[in-house]
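Engineer: Predicted structure and sequence below. I'll ask about it afterward.
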Amino acid sequence: MMARTTPTPAPPAPGAATAGNSAPRSASTSRRDEILESAAELFAAHSYEGTSMRDIAQANGVKISTLYSHFSSKAELFDEIVRPLIAEVTTAQLTASETQPGFARLRTMVELVVEACVRDARAMAILHYSWPQLRASSEHTALVAENAAVFARWRATVDIAMADGTMRADLDPHLVTRLLTSTIQGLVDRERYLEHGEVTTARADSLLALIDDVVLTRLEPPRSRRPPRPAAGGTSKATTTTSAGTRRQ
């Protein structure tokens, strides 16, 4: 489409409304977002229990009374940081549950959840390393219940795949569920392995290819195994199944 010749508008003044943003961003909202950002970094580095409201106030250069004017408690602040990820993972699981049943559904769930976790790897690390404290806290019962629901959806998907014969039935379904969730947590972990480079959305395909090749294809019955998903920019390696198991060619 040809561009129309129109005068170039002057850039908007700071805080002014722009197209797609009908109201100016208030200083209060901006400060709140800054607090959330710095608190997330502190939680990721020191865990929920290891971070105090005073630490967060100092990191933002504000008085603790100012911090409490934005957030009533550390629990409220924490929830705002991690709940978007839990909501994304839940949406990913429900989306996968609407697809074909059996092992194909599990593959789709893994793919969508990995993508969600990579997009917000920091929140996932915060949840992972703070979990023992959260589980024991009366302030986070709703969060713990939501996490239990996430695990239950994983387990239900594994049970369905085993029941319809698209997954090996000789495996413990609870351990399989733990294997899948722990694999995702370990590969997306941005804190423990940060020196090796942060996991970005550009690397999601390579993570999925690895999970598919090393974990998922080994959960399928031998007769239904397919070549592993190729990594981004790579090619898949053919496999053959013998009485001794699967070997690479």
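Structural biologist: Received the coordinates, thanks. Numbers count the residues shown, from 1 in each chain.
Engineer: where does the closest residue to residue 78 other than its chain neighbours land in three-state SS?
Structural biologist: Among residues not flanking residue 78 along the chain, residue 48 sits closest, at 5.9 Å (Cβ to Cβ, 6 or more residues apart in numbering). Backbone N, C-alpha and C define where each C-beta goes, glycine included. Following DSSP: H, G, I helix; E, B strand; the rest coil, the label given to residue 48 is coil.
Engineer: Show the low-confidence segments of the chain, by residue range.
Structural biologist: Scanning the chain for pLDDT under 70 picks out 1-29, 192-202, 224-249.
Engineer: mind listing the strands in it by residue range?
Structural biologist: All strands of the chain, identified by DSSP state E, fall at 239-242, 245-248.
Engineer: where along this protein do the helices fall?
Structural biologist: Using DSSP state H, the helices assigned to the chain run over residues 27-46, 53-60, 64-70, 74-97, 103-119, 121-135, 141-163, 173-188, 204-211, 217-219.
Engineer: could those go into CSV alongside mean neighbour count?
Structural biologist: Formatted as CSV, the helices of the chain follow (neighbours: other Cβ atoms under 10 Å):
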stretch, mean neighbour count
helix 27-46, 16
helix 53-60, 16
helix 64-70, 14
helix 74-97, 18
helix 103-119, 21
helix 121-135, 19
helix 141-163, 16
helix 173-188, 17
helix 204-211, 19
helix 217-219, 18
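Engineer: can you tell me which residues contact the residue nearest to residue 78?
Structural biologist: Shown in contact with residue 48 (Cβ atoms under 8 Å, 6 or more residues apart in numbering): 74, 78, 126, 130, 133-134.
Engineer: Equivalent analysis for residue 107, please.
Structural biologist: Residue 107 sits next to 212, 216 when contact means Cβ under 8 Å, 6+ apart.
Engineer: change it to 10 Å
Structural biologist: 96, 99-100, 157, 161, 208, 211-212, 216-217, 219-220, 229 (Cβ atoms under 10 Å, 6 or more residues apart in numbering).
Engineer: As CSV, those with distance to residue 151 would be great.
Structural biologist: Compiled in CSV, the contacts of residue 107 are given as follows (distance: Cβ to Cβ, whole Å):
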residue, distance to residue 151
96, 15
99, 20
100, 22
157, 11
161, 16
208, 20
211, 18
212, 21
216, 18
217, 23
219, 17
220, 22
229, 25
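Engineer: give me every residue that touches the closest residue to residue 127 other than its chain neighbours.
Structural biologist: Excluding the flanking residues, the one nearest residue 127 by Cβ to Cβ, 6+ apart is residue 82, at 5.4 Å. Going by Cβ under 10 Å, 6+ apart, residue 82 touches 40, 43, 48, 120, 122-124, 126-127, 130, 134, 140, 143, 146-147.
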